[in-house]
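K.L.:
Sequence plus predicted model, see below.
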Amino acid sequence: MNKTQITIDIDSKYKFIYTHLIYPDNLKDCMYESFESGYPIILDNYQIENFNYDYFYNFPFWFTEKNEWVKPWYPSDIKKGAPMRDVSVDNDIFLKEHKSAFIAWDEFYKSCFSDYKTKNKILSHRYNQLIVNKLHLDLLDDNHTGNDQQMRMFLNLDTIKPRILAFSYTIEQLFVIFYNEKNLYQLDKSNVNKFISELRNRCIWNDEKNDFFTLPRHYITLNPGAIWIFNSQWISHQIIFGNKIQCFEVDIDSSTLKQPSRSISNIIKNL
Ligand SMILES: [Fe+2]
């Protein structure tokens, strides 16, 4: 059995909470509460129904010179032939497989979170080797006003190697820890995107180099086939190593959360 390994950093000022499900645990009972806690859900030994594992497990991954983060392939990139640019594959087949993977992901999402009203869903492919990016909070583009709750679901499609992530403090914890030192009372809480980017710049991407190994790190080693789910705006995270994943992103109407006070805009407003 493949089992995700989790290493807790004991120097953390706050407890790191996670939900680790090993199929066939009862998925649906705890999914809402776990997701709305903001901390990651990790799911081992679960097969997404009607997902073409054979095709994507056999799909090649590729390299950049410095193994850095590059823009994932989104549907618009696939239509323009992005896979063809980076690896030699039949783009028409890839597009067809992308569409059926999207349907399989969507069914999986709905089987876990059917009570949420959703606005946008998108599937992206990240198939280049990535070795150590900065600790960060995800900043969403201008199409995201911050009024929606962002969920990201990931699947490790490497057949041999794990994906290794590190998690650190949440936006709430950073705000408390650095409130005086970084003058966080100056931040504008009415604009979610600006708030998160300014909080990141002051608390993580700063002169103390908190983006690399200064803040505590809880390491998670996700085996081939593992699935993990979290709100990447809420908790700081860093990729240590990985070759190949898919990411299914959903914008959830915040008013349909079980606890609307846990929406990202309300969390920030109430800091
Ligand atoms: Fe991220």
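P.N.:
Everything's here; your move.

K.L.:
going forward, measure contacts and count neighbours with C-alpha atoms only.
P.N.:
Noted.

K.L.:
so which strand or helix has Tyr169?
P.N.:
Take DSSP states H and E as the rule and Tyr169 turns out to sit in strand 163-170.

K.L.:
so how far is the following helix or strand past that strand from its chain's centroid?
P.N.:
Using DSSP H and E, the helix or strand that follows strand 163-170 in sequence is helix 171-178. Relative to the centre of its chain, helix 171-178 is centred 20 Å away, using Cα atoms, centre = their mean, to the nearest Å.

K.L.:
From the contact counts, what lies against the helix or strand just after helix 171-178?
P.N.:
Downstream of helix 171-178, the next assigned helix or strand under DSSP H and E is helix 192-203. Here helix 192-203 touches helix 171-178, helix 264-269, going by 3 or more Cα pairs under 8 Å, 6 or more residues apart in numbering; DSSP states H and E.

K.L.:
buried set for stretch 93-110?
P.N.:
Of the residues in stretch 93-110, 94-95, 97-98, 101-109 count as buried by neighbour count, 16 or more other Cα atoms under 10 Å.

K.L.:
what do you get for stretch 31-47?
P.N.:
31-32, 34-45.

K.L.:
Stretch 110-128 now?
P.N.:
Quick answer for stretch 110-128 (16+ other Cα under 10 Å): 112-113, 116, 118, 121, 123-128.

K.L.:
still on that earlier bit, let me have the buried residues of stretch 31-47 in JSON lines, adding pLDDT, distance to Phe175 and secondary structure as columns.
P.N.:
JSON lines is the format used below for the buried residues of stretch 31-47 (pLDDT from 0 to 100; distance: Cα to Cα, whole Å; DSSP: H, G, I helix; E, B strand; the rest coil):
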{"residue": "Met31", "pLDDT": "94", "distance to Phe175": "27", "secondary structure": "helix"}
{"residue": "Tyr32", "pLDDT": "95", "distance to Phe175": "25", "secondary structure": "helix"}
{"residue": "Ser34", "pLDDT": "95", "distance to Phe175": "22", "secondary structure": "helix"}
{"residue": "Phe35", "pLDDT": "97", "distance to Phe175": "21", "secondary structure": "helix"}
{"residue": "Glu36", "pLDDT": "96", "distance to Phe175": "19", "secondary structure": "helix"}
{"residue": "Ser37", "pLDDT": "95", "distance to Phe175": "17", "secondary structure": "helix"}
{"residue": "Gly38", "pLDDT": "95", "distance to Phe175": "15", "secondary structure": "coil"}
{"residue": "Tyr39", "pLDDT": "97", "distance to Phe175": "17", "secondary structure": "coil"}
{"residue": "Pro40", "pLDDT": "97", "distance to Phe175": "20", "secondary structure": "coil"}
{"residue": "Ile41", "pLDDT": "96", "distance to Phe175": "23", "secondary structure": "strand"}
{"residue": "Ile42", "pLDDT": "96", "distance to Phe175": "26", "secondary structure": "strand"}
{"residue": "Leu43", "pLDDT": "95", "distance to Phe175": "30", "secondary structure": "strand"}
{"residue": "Asp44", "pLDDT": "94", "distance to Phe175": "32", "secondary structure": "strand"}
{"residue": "Asn45", "pLDDT": "92", "distance to Phe175": "36", "secondary structure": "coil"}
